[in-house]
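Q: build me a structure from this.
(2 chains)
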Amino acid sequence: MKYAMVIDLTKCVGCNSCTAACKIDNSTGFGVKYGQVLELESGSFPDVTKFYLPILCMQCENPECLKVCPTGATFKTDDGIVLIDKNKCMGCRYCAAACPYMARYFYDDSGRPLDVPRMDLEDERHGTAEKCDFCIDRVREGENPACVQACPYEARTFGDIDDPSSRVHSLMSRAKSLKEEEGFNVSVYYIW
Amino acid sequence: MEPFRQHEFGWRVALDFLLSGTGSSMFIIYFLSAGSNRLVYMLGPVFILAGLAVLLSELGKPSNFWRSIYNYKTSWMARGAIFNILYILVWLAMILAYILNLYAFPLYAIEFALSILVLIYPVMLLQDVKDIKLWKNGWSSVMTAVYAISGGASLDAFIISLYQPDVLTLAYISLGISLLALVLLFAYISALRREQYKSIEYSLRQMLEGDRQNLLKLSFSGVVVQFAMDLLFILNIPAKPFALLVGFAFSMAGVYSFRLMLLNAGFHEPLISDKRIKEITASLKIGHKN
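A: Residues are numbered from 1 along each chain as shown, chains lettered A, B, ... in the order given. Next up is the predicted model:
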């Protein structure tokens, strides 16, 4: 079993529903976005085309973050999801520097306004690295990740890539990934 | 799409690299010059300790620092932590041997080997970041190591000059290394102009813009000042300790600014190539027409 996500760029309108749903579901801190939507354009006036590129942790098969992590806090599950053990992370940020996809964040609440109270989980998370984990808790309960569920245009498809009956599997023939040539063997694909 | 800059490693990491590089280099140079003053040998590890303290202040959870030796099989940061810890332990043994007046040459030899490892680990740590081509580039690695050694040699020459007028051996070594650093820096700058290194071109152009340009100038001036100080020693021109201290501080600022510049100019490859952007937009246009 290997989880993967396919994002259809022809359907994404850049509404950022996925970004908001992710922030709410994961209670991410100030400035932390496990997933974000980049606005890109090409051409010159009057022939300009703009499109949106949602990015998140690519759940690489050969993750650079896992290789460089000195404490062994980063690990991979059998279903291909890269996770961080908060109790082991020492917050050195080497993983964030090594990540080729801007997908790692350092949880630091220094930007939190004084009148906003700290949440319960924040003490444990403070000073550690964070990233998208494909909403592993939801996925193990048979649900889709928050971003997939929130997308109003069904631009995102999530599922088991090894299951021939899954929609993700059927989309793979058209799927491409970012920085393919580097050989990270990611689990997030794009179609257009 | 433009390459994106790394923001994780900043001035504190550069300072740690400076201190560990200087501390290990001064031990290496003094050992190679067959220096006999045991107190000078003891000084190098103090810099390493200071570097570790700076590194601890950078960590989000310093209480987990002890875990940093865990993933030594693949992580250069873990290997670096092991080298540093061993270095400090051998240093403590050296201090004990000094106090008890015991024969300690094997300890110095071990510390010399560890110094080499402590010197190269920051270079390897940066080399391991596959996506930042400037750090992965062998040229940058050689410069980083040479700069560290030149800082250590300069510190050795400065300290010895304070109580021992004859510092010729050290001054010659230091002069040779600072000359090498100068030649490499000239080659580096000429490489920028030729834009020979396509993969690191973006980072190199960034070095010549804005504040980073000042860092490049400072790192160049630092080596020139160090070169001048070594000439003073060799030509036996008397200089006041305060003037030497200022010169030494300037040369260290040069070494530091090179490291800071290297970190600041660390850019990741663009997430998506221009070719692919054109491919996507062309496909989207067809979709809209349909």
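Q: flag every residue of the stretch 101-250 of chain B that's near chain A.
A: Residues of the stretch 101-250 of chain B lying near chain A by C-beta under 8 Å from any C-beta of the partner chain: B:125, B:128-132. Quick note: C-beta positions are derived from backbone N, CA and C, even for glycine.
Q: tell me the two of these that are most distant?
A: The span of these, defined through C-beta to C-beta, is set by B:125 and B:131 at 14.3 Å.
Q: circling back: ok, the residues of the stretch 101-250 of chain B next to chain A vs chain A, which is closest?
A: Of all those, chain A sits closest to residue B:131, with 3.8 Å by C-beta to the nearest C-beta.
Q: now for the nearest residue to that closest one once chain neighbours are set aside, how many residues are close by?
A: Distances taken as C-beta to C-beta, 6 or more residues apart in numbering or on different chains put residue A:100 closest to residue B:131, at 3.8 Å, once the chain neighbours are dropped. Neighbour count of residue A:100, defined by other C-beta atoms under 10 Å in any protein chain shown: 23.
Q: for residue A:100, give its distance to residue A:93.
A: Remark: distance between residue A:100 and residue A:93 (C-beta to C-beta, to the nearest Å) = 15 Å.
Q: repeat that for residue B:15.
A: Residue B:15 is 15 Å from residue A:93, by C-beta to C-beta.
Q: likewise for residue B:240?
A: 43 Å.
Q: these two: which has the busier surroundings?
A: Higher neighbour count among residue B:240 and residue A:93: residue A:93, with 24 against 8, using other C-beta under 10 Å.
Q: tell me how far the nearest residue to the more buried one once chain neighbours are set aside lies from residue A:126.
A: Nearest non-adjacent residue to residue A:93, counting by C-beta to C-beta, 6+ apart: residue B:8, 3.9 Å away. The gap separating residue B:8 from residue A:126 is 17 Å, by C-beta to C-beta.
Q: equivalent analysis for residue A:80, please.
A: Going from residue A:80 to residue A:126 by C-beta to C-beta gives 28 Å.
Q: and the residue in chain A positioned nearest to chain B, how many neighbours does it have?
A: For chain A and chain B, the shortest gap (C-beta to the nearest C-beta) falls at residue A:91, measuring 2.0 Å. Each residue near residue A:91 was counted by other C-beta under 10 Å, and the total is 23.
Q: about what we covered before: can you pull the contacts of the residue nearest to residue B:131?
A: A:64, A:179, A:182, A:184, B:130-131, B:268-269 (C-beta atoms under 8 Å, 6 or more residues apart in numbering or on different chains).
Q: what does residue B:102 give?
A: Contact partners of residue B:102, counting by C-beta under 8 Å, 6+ apart, are residue B:96.
Q: OK, contacts around residue A:129?
A: A:65, A:73-74, A:84, A:89, A:91, A:93, A:95-96, A:104-107, B:60.
Q: beta-bridge partners for it, please?
A: residue A:106 (DSSP bridges).
Q: confidence score at the residue of chain A closest to chain B?
A: Predicted confidence (pLDDT) at residue A:91: the value is 93.
Q: and it, what element?
A: Residue A:91 belongs to no helix or strand when assigned by DSSP states H and E.
Q: if we ignore the residues flanking it in sequence, what's nearest it?
A: Closest to residue A:91 by C-beta to C-beta, 6+ apart is residue B:60, at 2.0 Å.
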